[in-house]
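> what follows is a protein structure lacking sequence information:
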């Protein structure tokens, strides 16, 4: 049985898609067959991040129209042999939670992990889709608006009975901790009220790699953080690569 993980955030700009890409890449490098499903309709980016901008023949739109099966529309990522992506269509398209469940059900025997890159925002549409996941990863940055929106979203998940939540704090740097936005990372964790699973540093090497669609350098601080989170998803005890205080 594959594990379905929904990556979500209350506000755009948290780096949610980068988190999905980083987790998918490291899980695949660890030997896990992994599929990323992108739901940011009209704003897709996973193809660029993995150097497949001109190589995507089919996408989720073709699956929803019924012209292709989910497996036929999946694209293999050359830089990580165990990683596949199902890209969002470039045009706005409606989708239901039931359709996403059917897609996951049709491919789950081929993958160990299915990571759903949800659209940002607090809406019933996002909640309905995320409810189908085995685990919800809530992504926030140290920005006070992001923190508040992540807290509101998490509270709604809890109200709906979704207890399996973990927090990823993204875009961390010394400039924002203790000097500008928050005193320490524990303050963010307390305000959002979700157990931490990982902290991702603001890393220029990661930004360049995902922007150019090239492999993430092995000395990337963000890559090391994603590798640690991926191992925690599998039940391993791995210390944080970025301290919380």
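Received it, and whenever you're ready, just let me know what you need. Note that the structure is predicted; figures quoted are calculated from it, not measured. Numbers count the residues shown, from 1 in each chain.

> which of the helices or strands spans residue 71?
Residue 71 is part of helix 70-73, with elements assigned from DSSP states H and E.

> what's the answer for residue 162, then?
Short version, using DSSP H and E: residue 162 is in no helix or strand.

> which elements pack onto the helix or strand of the chain with the lowest mean pLDDT?
Every helix and strand of the chain was ranked by mean pLDDT, DSSP states H and E. The lowest is helix 124-130, at a mean of 72. When contacts are defined as 3 or more C-beta pairs under 8 Å, 6 or more residues apart in numbering; DSSP states H and E, helix 124-130 sits against strand 3-8, helix 97-107, helix 144-159. Quick note: C-beta positions are derived from backbone N, CA and C, even for glycine.

> for residue 16, find the nearest of those.
strand 3-8 (5.7 Å; C-beta to C-beta).

> tell me who's in contact with residue 213.
48, 49, 50, 51, 52, 53 (C-beta atoms under 8 Å, 6 or more residues apart in numbering).

> quick check, nearest of the residues you listed to residue 9?
Distances from residue 9 to the contacts of residue 213, taken by C-beta to C-beta, are shortest for residue 49, at 16.9 Å.

> can I assume the closest one is in contact with residue 24?
No - with contact defined as C-beta atoms under 8 Å, residue 49 does not count as touching residue 24 (9.5 Å).

> OK, contacts around residue 39?
60, 88, 95, 100, 116, 117, 118, 119, 129.

> adding secondary structure, neighbour count and distance to residue 139, write those residues out as a markdown table.
Putting these into a markdown table (DSSP: H, G, I helix; E, B strand; the rest coil; neighbours: other C-beta atoms under 10 Å; distance: C-beta to C-beta, whole Å) gives the following:
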| residue | secondary structure | neighbour count | distance to residue 139 |
| --- | --- | --- | --- |
| 60 | helix | 25 | 21 |
| 88 | coil | 26 | 17 |
| 95 | coil | 19 | 21 |
| 100 | helix | 24 | 19 |
| 116 | strand | 25 | 13 |
| 117 | strand | 28 | 10 |
| 118 | coil | 23 | 10 |
| 119 | coil | 20 | 13 |
| 129 | helix | 24 | 16 |
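
> wait, which of those residues is closest to residue 165?
residue 118 (13.5 Å).

> picking up where we left off before, so residue 49 and residue 24 - more neighbours on which side?
More neighbours surround residue 24 than the other of residue 49 and residue 24, with 31 against 26 (other C-beta atoms under 10 Å).
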